[in-house]
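> A predicted structure for the sequence below; I have some questions about it.
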Amino acid sequence: MSKLQAATNPSETELQLIVELYSRGDFKKALSLSTKLASHFNESATLFNLCGAIQAALSQYASAIESYKRAIEIEPNFSYLYFNMASAQFDSGDLDAAIKSYRKAIAIEPTYTEAYSDLGLALQGKELWHEAIDCFNHALTLNPYYADAHSNKGYAMQAIGNLEAAKTSCKKALDINPDLSAAHYNLGSVLHQQGELTEALSSYRRVCDIDPNLTSAFVNCGRILQELGDLNGAIGTFNTALSIDPSFADAHFSLATAFHDNGSLNSAHASYRRALELDPSHAFAALNIAKLLFENQQYAQASDIFALNETTESQLYLLKCLYAQKSQPEVSTQIKKLCINGEHSAVIGSYVSRAKNKYGLNLHNPFCQDPLDFIRHISLLEKVDFASTFGRFASTLLTCETTNLRAQTLLTNGVQTAGNCFTQGGELGRSIEEIIRTEIERYREIFSSSSEGLIHHWPEKYRLFGWLVSVRKGGKLAAHMHDNGWLTGSVYISVPQKDKLDSGNLVVSAEDVDDEEAISGNRRSIDVVTGSLCLFPSSLLHYTRPFDTEEKRIVLAFDMIPA
């Protein structure tokens, strides 16, 4: 801190006492002493600067800003006073004021590295990403070893979608300061977005080691564990976050989703409720409570919640509730409303098709008018070494002690893996994902001349989410659709010998499936065998025929999900 004229300041001993109290965290005593001295030395910029720092430490931002303003009135050409005031303005949430103050500090001192970096943070807060990156670059020109600026630049690079540059910036920060918590956190976020879950988990765990009270890092660890299929680990980690901060609504919400996945529906409901109590505006908690009601066939109660939320997901669920309640006029009105709003997902496509067959509603289908014409069934046996890829992949995951299973009420005599099996399978999982992506691109090429929404609105970016299903004798999967998918697929890794013509077959349907034995022009039974790959629009309901042989039926199911 610059030294001002001695006559206007308290003694060095008095100032040093305030600094010592501040340094050891005794802010109330420091403030009491500095305030008392300020009444005698009301022309001391040094003293008012100290008052501002103490008030900011006590989160008394309005008072801190006033103290800094008084210091600036006394010494208007001290850059650090503007910098300190900007920091208080930033912490109070007044980003516009902070930006002006940081710029003033830089105008006075053009080589003020920290001011450039913190100006970048304030610009980030207003989502002015490119301006923020310019500031971080300027700070790094002044000091290439400024780890915080590298880390902050990484965050901004991620925001504009340049993930590789983001990763590089975070790693540069960690090369300079291996214990920089923010850089580990930002790197974890980038790796998570890139699907490198194991590496992301490692980064977040490092944050937890460095800053064991940062609840959001524990929540992010839990979310990755959940995606990896380790539901017990996820639940334990979410509970750790809540032991640190029991009032963290997002931790309760995340815990609820893990309970939901493992079938502990009462616990899920309680945790969603707790999240909503702590944060009444938590739309996802309210939405998921309504989803539980929907799953429990409490359609009227679920409808009341969905109707309050105008998000697309809520309005699609409202359509599902109305359809389940057989409210024909309301179904027609809701479909039209969604279509007017530009909805063209698999869900709207499914219900337009089903309403046509059930009620005779002849409405335009924005997803796929004739989804049964868009089924592709091929064999992979001659395309890849099937046993050493898909066979080994399934055997490894299904026999691994760390592989978790998720609750699946649609499945009889079988199990389903939890999480995304592509990320759980390591290098082999990535290889299999590439095989499937290649076939998805061929699918798109084959139907490229179609004007259907399925092809016309094909997602520019998508992710694959997959899981394994192993079914024993007499097992089957009941009719359902995958709401989040665009294209749904399945690879048949092991199909038992057929004891009947359609044993173990995949059946896809554009109509409601009340009777799985029924034969209709709106359904198609696909004669799958070991090595089969099936791709079809996610709007189609699908189910499997049971089989009676002893061999297990093992399938890799997956969704192409718009990113």
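On my side now, so go ahead.
> can you show me the helices along the stretch 251-400 of the chain?
Using DSSP state H, counting those that start in this stretch, the helices of the stretch 251-400 of the chain run over 265-278, 283-295, 299-306, 312-324, 328-340, 346-359, 386, 392-399.
> what packs against the fourth one?
Just to be clear, that refers to helix 312-324. Contact partners of helix 312-324 among helices and strands, from 3 or more Cβ pairs under 8 Å, 6 or more residues apart in numbering; DSSP states H and E: helix 283-295, helix 299-306, helix 328-340, helix 346-359. Every residue, glycine included, has its C-beta placed from N, CA and C.
> redo those helices as a markdown table? Include mean pLDDT and distance to residue 528.
Below are those laid out as a markdown table (pLDDT from 0 to 100; distance: least, Cβ to Cβ, whole Å):
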| stretch | mean pLDDT | distance to residue 528 |
| --- | --- | --- |
| helix 283-295 | 93 | 28 |
| helix 299-306 | 95 | 34 |
| helix 328-340 | 95 | 32 |
| helix 346-359 | 96 | 21 |
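> nearest to residue 86, of the ones you listed?
Checking those against residue 86 by Cβ to Cβ gives helix 283-295 as the closest, at 33.4 Å.
> buried set for the top strand by length along the chain?
The longest strand of the chain (DSSP state E) is strand 462-477. By neighbour count on 16 or more other Cβ atoms under 10 Å, the buried set for strand 462-477 is 462, 464, 465, 466, 467, 468, 469, 470, 471, 475, 476, 477.
> repeat that for stretch 225-244.
Within stretch 225-244, the residues scored as buried using 16+ other Cβ under 10 Å are 225-231, 233-235, 237-238, 240-242.
> hmm, who's touching that stretch?
Here stretch 225-244 makes contact (Cβ atoms under 8 Å, 6 or more residues apart in numbering) with 197-198, 201, 212-213, 215-216, 218-219, 221-223, 248, 251-252, 254-255, 257-259, 261-262, 402-404, 406, 417-421, 423-424.
> try it again with 7 Å
Residues from elsewhere that reach stretch 225-244 (Cβ atoms under 7 Å, 6 or more residues apart in numbering): 197, 213, 215, 218-219, 221-222, 248, 251-252, 254-255, 258, 261-262, 402-404, 406, 417-420, 423-424.
> repeat for stretch 536-543
By Cβ under 7 Å, 6+ apart, the residues outside stretch 536-543 that reach it are 346, 349-350, 353, 367-368, 371, 374-375, 454, 477-482, 485-488, 506-510, 513, 516, 559.
> quick check: residue 147 touching residue 176?
Yes - applying Cβ atoms under 7 Å as the test, residue 147 and residue 176 come out as touching, 4.1 Å apart.
> and the longest helix for the chain?
Counting by DSSP state H, the longest helix found in the chain is helix 426-446.
> what is the nearest of the buried residues of stretch 225-244 to residue 363?
Of all the buried residues of stretch 225-244, residue 227 has the smallest distance to residue 363: 36.5 Å, by Cβ to Cβ.
> list the contacts for residue 557?
Here residue 557 is in contact with 466, 467, 469, 490 (Cβ under 7 Å, 6+ apart).
> wait, is it part of a helix?
No - counting by DSSP: H, G, I helix; E, B strand; the rest coil, residue 557 falls outside a helix, being strand.
> residue boundaries of the helices in the stretch 51-200 of the chain?
With DSSP H, counting those that start in this stretch as the criterion, the stretch 51-200 of the chain has helices at 61-74, 79-92, 95-108, 113-125, 129-142, 147-159, 163-176, 181-193, 197-210.
> now for these, which one comes closest to residue 332?
Evaluated over the helices of the stretch 51-200 of the chain, closeness to residue 332 peaks at helix 181-193, with 39.7 Å, by Cβ to Cβ.
> buried residues in the closest one?
Neighbour-count burial for helix 181-193, counted by 16+ other Cβ under 10 Å, picks out 181, 182, 183, 184, 185, 186, 187, 188, 189, 190, 191, 192.
> on contacts alone, who are the packing partners of the helix or strand that comes right after the longest strand of the chain?
Next helix or strand after strand 462-477 toward the C-terminus (DSSP states H and E): strand 487-494. The helices and strands touching strand 487-494, judged by 3 or more Cβ pairs under 7 Å, 6 or more residues apart in numbering; DSSP states H and E, are strand 532-537, strand 553-562.
> quick one: strand 487-494 to helix 426-446, angle?
Put simply, strand 487-494 runs at 130 degrees to helix 426-446, going by axes from the mean of the first three to the mean of the last three Cα atoms, to 10 degrees.
> ok, residues contacting strand 487-494?
Contact with strand 487-494 is made by 380, 390-391, 394, 436, 440, 482, 506, 528-538, 551-560, as judged by Cβ under 7 Å, 6+ apart.
> could you save the buried residues of helix 181-193 as JSON lines and add columns showing distance to residue 125 and pLDDT?
Supplementary listing: the buried residues of helix 181-193 in JSON lines, determined by distance: Cβ to Cβ, whole Å; pLDDT from 0 to 100:
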{"residue": "181", "distance to residue 125": "19", "pLDDT": "97"}
{"residue": "182", "distance to residue 125": "15", "pLDDT": "97"}
{"residue": "183", "distance to residue 125": "19", "pLDDT": "98"}
{"residue": "184", "distance to residue 125": "21", "pLDDT": "98"}
{"residue": "185", "distance to residue 125": "17", "pLDDT": "98"}
{"residue": "186", "distance to residue 125": "15", "pLDDT": "97"}
{"residue": "187", "distance to residue 125": "21", "pLDDT": "98"}
{"residue": "188", "distance to residue 125": "21", "pLDDT": "98"}
{"residue": "189", "distance to residue 125": "17", "pLDDT": "97"}
{"residue": "190", "distance to residue 125": "19", "pLDDT": "97"}
{"residue": "191", "distance to residue 125": "24", "pLDDT": "96"}
{"residue": "192", "distance to residue 125": "22", "pLDDT": "94"}
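> dump the residues you listed into JSON lines; add distance to residue 280 as well.
JSON lines is the format used below for the buried residues of helix 181-193 (distance: Cβ to Cβ, whole Å):
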{"residue": "181", "distance to residue 280": "31"}
{"residue": "182", "distance to residue 280": "30"}
{"residue": "183", "distance to residue 280": "35"}
{"residue": "184", "distance to residue 280": "33"}
{"residue": "185", "distance to residue 280": "28"}
{"residue": "186", "distance to residue 280": "30"}
{"residue": "187", "distance to residue 280": "34"}
{"residue": "188", "distance to residue 280": "30"}
{"residue": "189", "distance to residue 280": "27"}
{"residue": "190", "distance to residue 280": "32"}
{"residue": "191", "distance to residue 280": "33"}
{"residue": "192", "distance to residue 280": "28"}
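> for stretch 107-125, buried residues please.
Residues of stretch 107-125 classed as buried by neighbour count (16+ other Cβ under 10 Å): 108-109, 112-124.
> typo on my end, stretch 334-353
For stretch 334-353, the neighbour count (16+ other Cβ under 10 Å) marks 334-335, 338-339, 343-353 as buried.
> do the same with stretch 65-79
Residues 65, 66, 67, 68, 70, 71, 72, 74, 75, 78, 79 are the ones in stretch 65-79 that count as buried (16+ other Cβ under 10 Å).
> give the contact list for the fifth one.
Going back to what we said before, that points to residue 70. Taking Cβ under 7 Å, 6+ apart as the criterion, residue 70 is in contact with residue 48.
> and the third one, by the same measure?
Listed by Cβ under 7 Å, 6+ apart, the contact partners of residue 67 are 48, 51, 52, 55.
> switch to 8 Å and redo it
Residue 67 is in contact with 48, 49, 51, 52, 55, counting by Cβ under 8 Å, 6+ apart.
> from those, which is closest to residue 267?
Nearest to residue 267 among the contacts of residue 67, counting by Cβ to Cβ, is residue 55 at 43.9 Å.
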